[in-house]
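[1] I would like the atomic coordinates for the input below:
(chains A and B)
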Amino acid sequence: MIKVFTPDEKTAEEYVDKTYERIERVEGKVRAFITLRKKEEVLKEVKEAINRKQGRLKGVLIAVKDNISTKGVRTTCASRMLEDYVPPFDATVIQKLRQEGAVILGKTNMDEFAMGSTTETSYFGPTHNPWDLERTPGGSSGGSGAALASGVVDIALGSDTGGSIRAPAAFNAVFGLKPSYGTVSRYGLVAYANSLEQIGPMAKNAEDLELLYSVISGEDWRDATTISQSPPKTEADLSKTRFALLKNILDASQPEVQSVFKKAINKLSSEGATIEEVELKYSDYALPTYYIIAMSEASSNLARFDGVRYGYSKYYEGTWKETFAKNRGDGFGIEVKRRILLGSFILSAGYYDQYYLRALKVRRLIKDEIDLILSKYDVILSPTMPVLPPKIGEVIDDPVRMYAMDLNTVLANLAGIPALSQPAGFYNNLPVGLQMMGKYLSDYYLISLSKSIERVLGYHDLTANL
Amino acid sequence: MEIDDKLLKKLQALALVEIKGQEKEKIKRDLQNILEFFNKINQLDLTNVEPLFHPLSSGKLRKDEPIEPLNREEALQNVKRKEDGYIVGPRTYGD
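    Predicted structure coming up:
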């Protein structure tokens, strides 16, 4: 509920000093960043931004996920493939942030090419959860979540293909929005699965989340999938809201998660909200459907990394096929290789119909079912993650177990609808998130509801003790 | 469907990714497990269901107007091997 701190001429130096002191104190333990910018450069930009006439984020420091292109600042996607890649252009969202006076503090750690749910597949090593350093911060935007929870920044950008903003929001006790598909430009986002992903805001309260979303959203001629319509700024009334609670998804959650979540929704009921249980008939099919589509799109998108125009290029002898295969074999980590190999398999002759086309049909069934629920209710409610933050090393060697963590979050990406995660409470000091999915373009409605919920639950502006 | 050496070799060729000796067994096992997890969707009857490729029903085109591109130096700033403003690529012939 505290609006993001905006420095002025008097406070600029102190603001930047304090940020770097905090980094000095926590970053060695948390490792939220892949690249931190030099203090002098950042201070200079903050001072310049303060002197601008206009801007809603004048001099405000922001952490940006390392798959969003930043001109002149290395953008690695947490991959050896792009270890020294420096984009010659800014993503549209970065241009928009600069126009409002925001200053990039650094680029945050993530799962390699956003493929993972724990930030452990990063070539640069894992990020640690500020609430418990032995645990993961979720992923793939784990660095952005951890940078918020460790008290380094107030706002951050993530990207969400199947839960990559919401998982770290839940595990770090912060706020994250996966926007309605097409409301935020993907120009300059290194593509993983185009039909599923969106860049989105992360913050420590709903107010800041709203501000950041309003800055980064909007139609962009450079991304043909952005829409001209803006989401309406609808106000929500919690006492009149009708929530559909996904019963089978809740039942599949860890008991610890269920107990924290149930306490939170009881408080919402006390405020007069209507909460009714519904069954999602196709929930068992959501994960395979999502992963088949994501891997297919990934295998096509990642074909661009040939090491010739940019990227890892240790090998150059031999034919182009041999050279590409060797550089890609070295440059990509194991999770990326698993996904592009399987994506190639799914799209190959003889299997396309059996896997890819069938998954797209199930996607239709799931979207229709969600639309039907949302025609009767305002919001679909569930825990954001079915589990507490896993320990580092706990799930990473078992891909199917790691994928299972995404059950609650992939639904919104398959359907293209907005979904917001905010803190629901804690179990033994471990954060649990509450997820709301809304109708297409109900982004501001969800944020408005989130403001009421943060007041009722009292969980906002949280920083871990480090 | 079994992920054996022959299929893995084919997939490496399709994806243009070399899998080194020590990774092979783990990758084969992982791909097998993931594929079994995918087979779940084969239980559903999907006759008369239209595939949903994309959440937006229609795309759009921008106006065909020239824009200022990156200059050559910027465009080539990440190229490791270049000569006289050109990219040096690997051989395109031979075996």
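
[2] show me the contacts for the residue in chain B that chain A sits nearest to.
    As assessed by C-beta to the nearest C-beta, chain A sits closest to B:P55 within chain B, at 2.6 Å. C-beta coordinates here come from the backbone N, C-alpha and C atoms, glycine included. Remark: with contacts taken as C-beta atoms under 8 Å, 6 or more residues apart in numbering or on different chains, B:P55 is in contact with A:Y181, A:G182, A:S195, A:K367, A:A415, A:G416.

[3] go with 6 Å
    Residues counted as contacts of B:P55 (C-beta atoms under 6 Å, 6 or more residues apart in numbering or on different chains) are A:Y181, A:G416.

[4] Equivalent analysis for the one 4 residues further on, please.
    By C-beta under 6 Å, 6+ apart, the contact list for B:G59 reads A:A224.

[5] and if you look at the one 3 residues further on?
    For B:R62, the contacting residues are A:W221, taking C-beta under 6 Å, 6+ apart as the criterion.

[6] that older thread, the residue of chain B closest to chain A: what secondary structure?
    For B:P55, the assignment made with DSSP: H, G, I helix; E, B strand; the rest coil gives coil.

[7] Look up which residues are beta-bridged to A:I68.
    Beta-bridge partners for A:I68, by DSSP bridges, are A:L189.

[8] What about it, how many residues nearby?
    A count of nearby residues for A:I68, using other C-beta atoms under 10 Å in any protein chain shown, gives 26.

[9] which residue does chain A bring closest to chain B?
    Per C-beta to the nearest C-beta, A:G416 is where chain A lies closest to chain B, at 2.6 Å.

[10] What does that residue show for phi and psi?
    phi 80, psi 10 (degrees, to the nearest 10).

[11] Could you check how many residues crowd around it?
    For A:G416, the count of nearby residues is 21 (other C-beta under 10 Å).

[12] go on, A:K18?
    Look at A:K18: counted by other C-beta under 10 Å, it has 13 neighbours.

[13] Residues in contact with the helix or strand hosting A:I453: which ones?
    Following DSSP states H and E, one finds A:I453 within helix A:443-457. Helix A:443-457 is contacted from outside by A:179-180, A:206, A:209-210, A:231, A:233-236, A:238, A:264, A:267, A:271, A:418, A:420, A:422, A:436, A:438, A:460, using C-beta under 6 Å, 6+ apart.

[14] Following the longest helix that chain B contains in sequence, what is the next regular element?
    Longest helix in chain B by number of residues (criterion: DSSP state H): helix B:21-38. Following helix B:21-38 in sequence order, the next helix or strand is helix B:72-75 (DSSP H and E).

[15] any residues touching that following helix, and which ones?
    For helix B:72-75, contacts defined as C-beta under 6 Å, 6+ apart pick out A:P88, B:G85.

[16] for stretch A:380-392, same thing?
    If you take C-beta under 6 Å, 6+ apart as the criterion, stretch A:380-392 is touched by A:126, A:129, A:134-136, A:166-167, A:170-171, A:243-246, A:249, A:252-254, A:256-257, A:261, A:373, A:405, A:407-408, A:421, A:430, A:433, A:435-437.

[17] I'd like the distance from stretch A:327-346 to the chain centre, please.
    Between the centre of stretch A:327-346 and the centre of its chain there are 22 Å (C-alpha atoms, centre = their mean, to the nearest Å).

[18] In contact with residue 64, which residues?
    Using chain A. By C-beta under 6 Å, 6+ apart, the contact set of A:V64 is A:I104, A:K107, A:L157.

[19] whoops, A:L466 was the one
    By C-beta under 6 Å, 6+ apart, the neighbours of A:L466 are A:V26, A:P130, A:S150.

[20] What is the neighbour count of the nearest residue in space to it that is not next to it in sequence?
    Nearest residue to A:L466, sequence neighbours excluded (C-beta to C-beta, 6 or more residues apart in numbering or on different chains): A:V26, at 4.8 Å. If you count neighbours by other C-beta under 10 Å, A:V26 ends up with 22.

[21] Wasn't A:V26 part of a helix?
    Yes. Under three-state DSSP, A:V26 sits within a helix.

[22] Against A:T463, how distant is it?
    For A:V26, the distance to A:T463 (C-beta to C-beta, to the nearest Å) stands at 10 Å.

[23] What of A:P231?
    30 Å.

[24] higher neighbour count, the two?
    Set A:P231 next to A:T463 and count neighbours by other C-beta under 10 Å: A:P231 wins out with 22 against 17.

[25] Assign a three-state SS to A:E276, would you?
    Of the three states, A:E276 takes strand under three-state DSSP.

[26] So in terms of bridging, what pairs with it?
    Using DSSP bridges, the beta-bridge partners of A:E276 come out as A:A244.

[27] Tell me, how many residues neighbour it?
    Residues near A:E276, counting by other C-beta under 10 Å: 12.

[28] Same check on the one 4 residues further on?
    Applying other C-beta under 10 Å, we find 20 residues neighbouring A:L280.

[29] Chain neighbours aside, what residue packs nearest to it?
    Ranked by C-beta to C-beta, 6+ apart and with sequence neighbours excluded, the top spatial neighbour of A:L280 is A:L246, at 5.4 Å.

[30] any idea how far A:G438 is from the one you found?
    If you measure A:L246 against A:G438 using C-beta to C-beta, the figure is 14 Å.

[31] now swap in B:H54 and tell me
    Look at B:H54 and A:G438: by C-beta to C-beta, they are 20 Å apart.

[32] Please apply the same query to A:I392.
    According to C-beta to C-beta, A:I392 and A:G438 sit 33 Å apart.

[33] mind listing what's buried in stretch A:288-306?
    Neighbour-count burial for stretch A:288-306 flags A:288-302, A:305-306 (criterion: 16 or more other C-beta atoms under 10 Å in any protein chain shown).

[34] Report the rounded mean pLDDT for it.
    Confidence over stretch A:288-306 (mean pLDDT, whole number) is 97.

[35] With stretch A:268-279 instead?
    The average pLDDT for stretch A:268-279 rounds to 98.

[36] Could you export that stretch as PDB, CA atoms only?
    C-alpha atoms of stretch A:268-279 as PDB (Å, rounded to 0.1, in the frame of the first residue of the first chain):
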ATOM      1  CA  LEU A 268     -12.300 -13.100   2.500                       C
ATOM      2  CA  SER A 269     -15.600 -14.900   3.300                       C
ATOM      3  CA  SER A 270     -15.800 -12.800   6.500                       C
ATOM      4  CA  GLU A 271     -15.700  -9.700   4.300                       C
ATOM      5  CA  GLY A 272     -18.700 -10.900   2.500                       C
ATOM      6  CA  ALA A 273     -17.100 -12.500  -0.600                       C
ATOM      7  CA  THR A 274     -18.900 -15.500  -2.000                       C
ATOM      8  CA  ILE A 275     -16.600 -18.500  -2.400                       C
ATOM      9  CA  GLU A 276     -18.000 -21.700  -4.100                       C
ATOM     10  CA  GLU A 277     -16.200 -24.800  -5.000                       C
ATOM     11  CA  VAL A 278     -16.000 -25.900  -8.700                       C
ATOM     12  CA  GLU A 279     -14.300 -28.800 -10.400                       C
END
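
[37] what does that stretch contact?
    With C-beta under 6 Å, 6+ apart as the test, stretch A:268-279 has contacts from A:L238, A:S239, A:T241, A:R242, A:F243, A:A244, A:L245, A:K247, A:N248, A:I265, A:I373, A:V456.

[38] filter those residues to the buried ones?
    For the contacts of stretch A:268-279, buried by 16+ other C-beta under 10 Å: A:L238, A:T241, A:F243, A:A244, A:L245, A:I265, A:I373.

[39] what's near enough to touch A:G116?
    Contacts for A:G116 (C-beta under 6 Å, 6+ apart) come out as A:G139, A:S140, A:E335.

[40] can I get those in a markdown table with distance to chain B, pLDDT and secondary structure?
    Formatted as a markdown table, the contacts of A:G116 follow (distance: C-beta to the nearest C-beta, whole Å; pLDDT from 0 to 100; DSSP: H, G, I helix; E, B strand; the rest coil):
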| residue | distance to chain B | pLDDT | secondary structure |
| --- | --- | --- | --- |
| A:G139 | 18 | 97 | coil |
| A:S140 | 18 | 98 | coil |
| A:E335 | 9 | 97 | helix |
